[in-house]
Structure formats: structure tokens, C-alpha cells
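K.L.:
only geometry, no sequence info:
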């Protein structure tokens, strides 16, 4: 019979993983789309929010207003993650200003639409800097604060269906998101000692500025190739992120939650439905 069965206390008490972490969250790329929806959803769940933006100061201000309308504090900082070492320092700044950090959401990202044979190294490197190097450095900074505070925490990385599935013209984006998937899993292993979970949310096509839809309401029956035949809404992704950030998700770590309308199930099904080779040209 084990010690726990006889009522004896375990020899090692793990850090509290069930909700003692500060109700403060940092959301990168919080000026629009998934970032804005996530910041507002976490504010509604009782978190004070630190949010970052690169160029859309007006959008970041709108997000901050929505956070404050939910009754929570909002702090806004600009950063440029093409210089990830300098850009990631904003996590330290926001942690200090907010009085701690309980949740980090690595949402900021950039995409590409150019074939690998025509791509110069600077574009490749800049994309990986924003989409992979910066989440590493931001996670490292946040996790150090969480570890030192001794109260656990949550890291949620926004990847993409392209963490697992390639797309023509998106080589560095796919490579970065695949790397972020494995970074998330390694963080989950290494940070478990401190009661910190690390998970990923992998969106499919979401109606946001990044997909050229400028936060339009998704139209039903417009995507014949998806089981749920429409793009997603940023608030649907935010709900998944908020769940993983919640104390209720304390026993989930190293996981990827796909929010894609079933898109990733359609490989052989959709491949068999193609009647033209034009997809090869991108």
C-alpha cells in the first residue's frame, strides 16, 4: 500500500498549481484580432492586463479601453519583436508595473506569402525572430518571475494549424510555428517543477486583420472545405486561451488545442476533392 493510501503526506509538496498565481496577464500583440479578444476575455475573467503592440497604437488603445470597461487595469507598451532581445524586455516592465505575472500569452506574430526559392534570408530571419525567438525570450522572462514568486502560472503560446501542417508561401511561418509547438512542450516539462503549465492554441482561419478579413463577422457556408463551413471568430480562440489560463486547466500541460473548425481533419478528404493542380503554384 502506498504512502498516500495509508494517509501519509507525500515526501515532496509541489508548488500550488490550482490557482494561487497572480491575476495579472501579459498578452503580446494585443492591438487587434486574437490578441484583443484574449485581453478582453481575460479581463472579464478577473485579470489585470498588460498588452503590447508593434505599430497599431490606436488599436492598442481601443483594447485597453475595453479592458478597463470590464473593470480591470490595462497597461500598454510598444515593442518590436524583430529585435526579440530588446522586445522581450517589455515582459519585465509590465510584470513590475502590474505587481506580478500569472499568465503570459505569446500571441504576436507575422506571416509570409513568398516561396522559399525566392525568399531572402532577412525575411526568413525576421519571421523566425518574431514567431519563435520572441516567444522563447518572453516565456523565459515570464517563467523566471513566476518561479521566483513561487505561486505557479500559465504560459499559452498561440501557434497555428501550421505548427503541424505546411502551406505553400509560408515556409518560415510554418517552421517557426512547428518550433513553437516543441518549445511549448519542452517548457511544459522544465517548468512543471514550479507549478507552471505551458500549452498551445492552434487557430485555423480566423476572421482577423492577419487573414485580410479585418475582424469581420464570419459568414456561414463560405468554406466548403471545412467541416464547420466558415472562418472562426477571434473570440472563439480567446475562449480556448482563457480556459488554458484558468485554474480549472491545472492538469493540462504540453498540449495543443486546435481551434480550426475541423480543418486539420480534412487532409485526405480535401486532397481527394481537388480537381486542379493549380494549388502547387501557391
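P.N.:
Alright, I've got the coordinates. Remember, predicted model here, so these are calculated numbers, not experimental data. Numbering: from 1, shown residues only.
K.L.:
At which residues are the strands of the protein located?
P.N.:
24-27, 48-53, 74-78, 103-106, 153-158, 196-203, 256-259 (DSSP state E).
K.L.:
Paired strands for the third one, with orientation please.
P.N.:
I take that to be strand 74-78. As defined by DSSP bridges, the strand partners of strand 74-78 come to strand 48-53 (parallel).
K.L.:
could I get the strands of the chain as TSV with mean neighbour count, distance to residue 244 and mean pLDDT?
P.N.:
Placement of C-beta: from N, CA and C, glycine included. What follows is those, written out as TSV (neighbours: other C-beta atoms under 10 Å; distance: least, C-beta to C-beta, whole Å; pLDDT from 0 to 100):
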stretch	mean neighbour count	distance to residue 244	mean pLDDT
strand 24-27	31	12	98
strand 48-53	27	16	98
strand 74-78	18	21	98
strand 103-106	30	9	98
strand 153-158	28	5	98
strand 196-203	26	5	97
strand 256-259	19	7	97
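K.L.:
For residue 133, find the nearest of those.
P.N.:
Closest of the strands of the chain to residue 133 is strand 103-106, at 11.1 Å (criterion: C-beta to C-beta).
K.L.:
returning to that earlier point: would you turn the strands of the chain into TSV with distance to residue 268?
P.N.:
Converted to TSV, the strands of the chain look like this (distance: least, C-beta to C-beta, whole Å):
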stretch	distance to residue 268
strand 24-27	36
strand 48-53	40
strand 74-78	45
strand 103-106	32
strand 153-158	27
strand 196-203	19
strand 256-259	17
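K.L.:
Indicate which one of those strands is closest to residue 186.
P.N.:
strand 196-203 (8.3 Å).
K.L.:
neighbouring strands for the closest one, and are they parallel or not?
P.N.:
Note on strand 196-203: by DSSP bridges, its sheet partners are strand 153-158 (parallel), strand 256-259 (parallel).
K.L.:
a markdown table for those, including distance to residue 202?
P.N.:
Shown next, in a markdown table, are the strands paired with strand 196-203 (distance: least, C-beta to C-beta, whole Å):
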| stretch | distance to residue 202 |
| --- | --- |
| strand 153-158 | 8 |
| strand 256-259 | 5 |
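K.L.:
Is it correct that residue 180 is in contact with residue 200?
P.N.:
Yes - with contact defined as C-beta atoms under 8 Å, residue 180 reaches residue 200; the gap is 6.9 Å.
K.L.:
Find residues that contact each of these two.
P.N.:
157, 159, 163 (C-beta atoms under 8 Å, 6 or more residues apart in numbering).
K.L.:
I'd like the residues you listed as TSV, with distance to residue 104 appended.
P.N.:
TSV is the format used below for the shared contacts of residue 180 and residue 200 (distance: C-beta to C-beta, whole Å):
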residue	distance to residue 104
157	9
159	14
163	18
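K.L.:
And the helices in this protein?
P.N.:
Using DSSP state H, the helices of the chain run over 33-44, 57-69, 84-87, 89-98, 121-128, 134-149, 171-191, 234-245, 267-273.
K.L.:
ranking the ones you listed by burial, who's on top?
P.N.:
Greatest average neighbour count among the helices of the chain goes to helix 33-44 (a mean of 27), per mean count of other C-beta atoms under 10 Å.
K.L.:
which other helices and strands contact it?
P.N.:
Other elements packing on helix 33-44 under the criterion 3 or more C-beta pairs under 8 Å, 6 or more residues apart in numbering; DSSP states H and E are strand 24-27, strand 48-53, helix 57-69, strand 103-106, helix 234-245.
K.L.:
residues near the closest residue to residue 100 other than its chain neighbours, how many?
P.N.:
Computed as C-beta to C-beta, 6 or more residues apart in numbering, the closest residue to residue 100 that is not its neighbour in sequence is residue 22, at 3.7 Å. Close neighbours of residue 22, defined as other C-beta atoms under 10 Å, add up to 20.
K.L.:
Could you do residue 193 as well?
P.N.:
Counted with other C-beta under 10 Å, the neighbours of residue 193 add up to 11.
K.L.:
Next one: it from residue 187, what distance?
P.N.:
Relative to residue 187, residue 193 is positioned 12 Å away (criterion: C-beta to C-beta, to the nearest Å).
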